[in-house]
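**Student:** Give me the fold of what follows.
(one chain, ligands or ions: 1)
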Amino acid sequence: MSETDYQALVDGILSDVQAYRGQGTVPNYIPALAQADPNKFGIALVLKDGSTYAAGDADQPFTLQSISYIFTLSLALHHVKGALWNHVGREPSGSPVNSIVQLELEKGKPRNPLISAGAIVVTDQLIGTRGADAAVEELLAFLRERSGEEGIGIDEGLAMSESRAGAFNRSLAHFIAAFGNMLNPVEEVLSAYYRQCSVAMTCRQLARAALFLAFDGVDPRTGDTVTVASRSRRTNALMLTCGHYDVSGDFAFRVGLPGKSAVSGGILAIVPGTGAVVVWSPGLNTAGTSLVGSVALESLAERTGWSVFV
Ligand code: GLN
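**Tutor:** Below is the predicted model of the structure:
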């Protein structure tokens, strides 16, 4: 495809979703997210040479929420390597993102790193013995470097608001700690967790930051090895099997690409060997995935034929 074709692609997707705009429900359990406008929609596609094609509200920041799990996973694996898998599993949960039921049966070891319980364990491992601030600073530095945007920061008000409303996550964390699967005090881990979820980025910035996952761990624009190839492939495998809570199978069926959804309405999708795509629209479907965002990614898959199952 030529440059004009790629721009026509994202513009075409924007028109495909027009009829759906405003649909879905904004989450009300995080007060600041409840004020989001469900009519917003943005899309950004970044390719190997760094060229970016965007449409709609692609330059409006939103908070990463559980898309941040992808980056903390990558950083934690860098620090603790395969030992991470003693603390968190790699199977789809088939349960809502904040479910606690499996934790009891499985003795405090969360099913996978892409549900809340698993992400809390990953954050604890990333903190290690360094303290929460060092872990959050490492994440911020990583995202700034990969996206090339020094201004990326945390929406601290949102982090506070989520912490105040955080009974579910607090329950998960205490349950994990009760089984001896937490190194650091629960409140310290949660403070890092809420701050990582509250990093604000635009579709364009986020697609750039995740580009290494489409190229075996190498950022094709700089040649930097961000992570080893096997780890990059495995992160994509986890996104495909676990990236959308209890609708991960349906997402793989409909879109056919590794992806990660967040309660803020963002969805990151990786097209291995080609690029990274981020869509954002705050209205969610019943599974907690962006309603308009998933329609947009279905349209992308249909228009391009991109799929990991070719
Ligand atoms: N910060 C959110 C939470 O823990 C992230 C969840 C999500 O994006 N699905 O509730």
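**Student:** OK, contacts around P185?
**Tutor:** Applying Cβ atoms under 8 Å, 6 or more residues apart in numbering to P185 gives no contacts. (C-beta placed from N, C-alpha, C; glycine too.)
**Student:** For the ligand, see how far away it is.
**Tutor:** 18 Å (Cβ to the nearest ligand atom, to the nearest Å).
**Student:** Quick one: name the residues of the stretch 201-310 of the chain near the ligand.
**Tutor:** Of all the residues in the stretch 201-310 of the chain, those in contact range of the ligand (Cβ under 6 Å from any ligand atom) are 262-263, 288.
**Student:** Tabulate those (CSV), appending pLDDT, neighbour count and secondary structure.
**Tutor:** Below are those laid out as CSV (pLDDT from 0 to 100; neighbours: other Cβ atoms under 10 Å; DSSP: H, G, I helix; E, B strand; the rest coil):
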residue, pLDDT, neighbour count, secondary structure
A262, 97, 26, coil
V263, 96, 25, coil
G288, 91, 20, coil
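**Student:** I'd like to know how far the spatially most central residue of the chain sits from the ligand.
**Tutor:** For the chain, I67 is the residue whose C-alpha lies nearest the centre (Cα atoms, centre = their mean; 1.4 Å). Going from I67 to the ligand by Cβ to the nearest ligand atom gives 7 Å.
**Student:** cool, R208 as well?
**Tutor:** Counting by Cβ to the nearest ligand atom, the gap from R208 to the ligand is 20 Å.
**Student:** What are the neighbouring residues in contact with that residue?
**Tutor:** 46, 50, 52, 146-148, 276.
**Student:** Can you list the low-confidence ranges for the chain?
**Tutor:** Regions of the chain meeting the criterion pLDDT under 70 are absent.
**Student:** Show me the helices in it, by range?
**Tutor:** Ranges of helices in the chain, per DSSP state H, are 3-16, 68-80, 101-105, 116-127, 132-147, 156-164, 167-178, 186-197, 203-209, 229-242, 248-254, 291-304.
**Student:** who wins for proximity to D37 among those helices?
**Tutor:** Taking Cβ to Cβ, helix 291-304 is the member of these nearest to D37, at 11.8 Å.
**Student:** Give me the helices and strands touching that closest one, please.
**Tutor:** Contact analysis of helix 291-304 by 3 or more Cβ pairs under 8 Å, 6 or more residues apart in numbering; DSSP states H and E lists helix 3-16, helix 248-254, strand 259-261, strand 266-271, strand 275-280 as its packing neighbours.
**Student:** which of the residues in it are buried?
**Tutor:** 291-301, 304 (16 or more other Cβ atoms under 10 Å).
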